[in-house]
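J.: Any chance you can model this:
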Amino acid sequence: MSTSYTGQWKGESESGSFVLINVEQVNDHLIGRISVFESANLADDTVSFWTWSLFEARLINENTIKGEAYRPSIHKRHGEELSLDELSDLTKQTGLEFPINTKFGGVRKGEYELQVEWVSNYPSAEPRRDKVLLKREQPASSRVTTEEMTWNSFKEYALDQKDGLIYRGQSRHWRLRTSYHRTGRADLISYMDDKLPEVEHHINAVSNHNYDIKDDRSLGALLNLAQHHGYPTPLLDWTKSPYVAAFFAFENEMQLKQEGKISVFVFDQSEWTNLTGRAALIRVPNMVVRTLELPGFGNSRVLPQQSVTMYSNTDNIESIIKSNEKTKGQFLRAVSIPVSDRKTAMRDLSLMGITWGSMFPGFDGVCKQLRARHFNKN
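T.: Prediction:
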């Protein structure tokens, strides 16, 4: 069993509150942030809000932790922090007090479960006790159902798709996760504050464009560039072209199973944006999935790949999307194509002008294209 607590844990408490904890473990210390989503009933309405707190804890032994949460901030349902006036109005409407601090203890129930009990202390109200069984997502394949078709059928299928869709090709039917979350990490705020300043410094030292992580557009462009050069980010690459998506699913022959299938995910970006908007706030307690078209400063791959970027602060993108679907596949679905169709698919894609050389302008693309041409096992 892995003894690391690092990652994203979530569950519903006995009182009915949703609890989300992003944990970073450093030796025998745990740090991170706790999000609690609660509701208060008024005479003619229900008010919902997030309490977002820092926490520190230590390991008592391999399976037991004790700690404290402090400095809570109060946020609206969609993540924006309440102003002082809004917070005053909320307390007057509901009579609620917010905790000064919270003491908690946790017991590990296996690699993916953690039982936590806590006591919150208030300025004048009685202490409040609650507990929750938190779960961490287990490694697994995607739960998105696939429609099976041949490469020739897929070409016809792609021509019939409506505008507003985006696509992602994968050599296996892995679940959708950002490269940052694939590292097992979860606390994006510490990533932003502790890691990105160094990324900014080093990239600015070699880039013709000067990036500024304090500016949202420049931050997005920096993350986009870093993502395309192998640095873990909370971004997931998509494309407006189903054929480009198929190219990325088929191209890495070493990752393909001989008798397996590749997957092309299809996401209704237009309808999702109508539902959620385009704002992609980072410093929020709630789970966020948004699609963005980020600036391509210094990134020559954005245009040929017809890139669209998905930002997420959650380890389980699929669950957020599916929880908002009124009908199965309303926003997200997938197509599977046999790996045995690879040779025909790569030939057709080359005739369309979709090659390593066109997708990756520069030395890398040229060499990978010629490697495929000269040393292709097929």
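J.: got a list of what the spatially most distant residue from the centre of the chain touches?
T.: Distance from the C-alpha centroid of the chain peaks at residue 124, with 38.9 Å (C-alpha atoms, centre = their mean). Neighbour list for residue 124: residue 97 [criterion: C-beta atoms under 8 Å, 6 or more residues apart in numbering]. To be clear about C-beta, it is placed using only N, CA and C from the backbone, and glycine gets the same treatment.
J.: That one belongs to a strand?
T.: No. Using DSSP: H, G, I helix; E, B strand; the rest coil, the assignment for residue 124 is coil, not a strand.
J.: What values do phi and psi take at it?
T.: When read as degrees, to the nearest 10, the backbone of residue 124 gives phi -140, psi -20.
J.: Equivalent analysis for the one 4 residues further on, please.
T.: Dihedral pair for residue 128: phi -120, psi 130, per degrees, to the nearest 10.
J.: Compute the distance between it and residue 121, please.
T.: To residue 121, residue 128 is 8 Å away according to C-beta to C-beta, to the nearest Å.
J.: do residue 250 as well
T.: As defined by C-beta to C-beta, residue 250 lies at a distance of 58 Å from residue 121.
J.: Go ahead and confirm residue 212 touches residue 218.
T.: Yes. The criterion here is C-beta atoms under 8 Å, and residue 212 meets it with residue 218 at 4.5 Å.
J.: The two: who's more crowded?
T.: For the pair residue 212 and residue 218, the greater number of neighbours falls to residue 218 (17 against 13), based on other C-beta atoms under 10 Å.
J.: so which strand or helix has the more buried one?
T.: helix 216-228 (DSSP states H and E).
J.: gap between that helix and the chain center?
T.: On the basis of C-alpha atoms, centre = their mean, to the nearest Å, helix 216-228 sits 15 Å off its chain's mean C-alpha point.
J.: Now do the buried residues in that helix.
T.: Buried residues in helix 216-228, counted by 16 or more other C-beta atoms under 10 Å: 218, 219, 220, 221, 222, 223, 224, 225, 226, 227, 228.
J.: number of nearby residues for residue 186?
T.: Neighbour number of residue 186 under other C-beta under 10 Å is 24.
J.: elements contacting the one helix or strand residue 322 maps to?
T.: Taking DSSP H and E as the criterion, residue 322 maps to helix 317-323. Using 3 or more C-beta pairs under 8 Å, 6 or more residues apart in numbering; DSSP states H and E, the elements in contact with helix 317-323 are strand 289-292, strand 332-338.
J.: Name the residues that touch that helix?
T.: Applying C-beta under 8 Å, 6+ apart, the external contacts of helix 317-323 come out as 142-144, 175-178, 236, 267, 272, 287, 289, 310, 312, 314, 331-332.
J.: Now that helix: average pLDDT?
T.: For helix 317-323, the mean pLDDT works out to 95.
J.: which residues of the stretch 101-250 of the chain fall in helices?
T.: Counting by DSSP state H, counting those that start in this stretch, one finds helices in the stretch 101-250 of the chain at the ranges 151-159, 179-182, 188-190, 196-206, 216-228, 242-250.
J.: Which of these has the highest mean neighbour count?
T.: Greatest average neighbour count among the helices of the stretch 101-250 of the chain goes to helix 242-250 (a mean of 24), per mean count of other C-beta atoms under 10 Å.
J.: Report how many residues lie close to residue 141.
T.: By other C-beta under 10 Å, neighbour count at residue 141 equals 10.
J.: and the gap between it and residue 103?
T.: Residue 141 is 39 Å from residue 103, by C-beta to C-beta.
J.: before we move on, back to that, shared neighbours, residue 128 and residue 121?
T.: Shared contacts of residue 128 and residue 121 (C-beta under 8 Å, 6+ apart): residue 99.
J.: And residue 23, what's its pLDDT?
T.: Per-residue pLDDT puts residue 23 at 97.
J.: Assess the claim that it and residue 186 are in contact.
T.: Yes. Counting by C-beta under 8 Å, residue 23 touches residue 186, with 6.4 Å between them.
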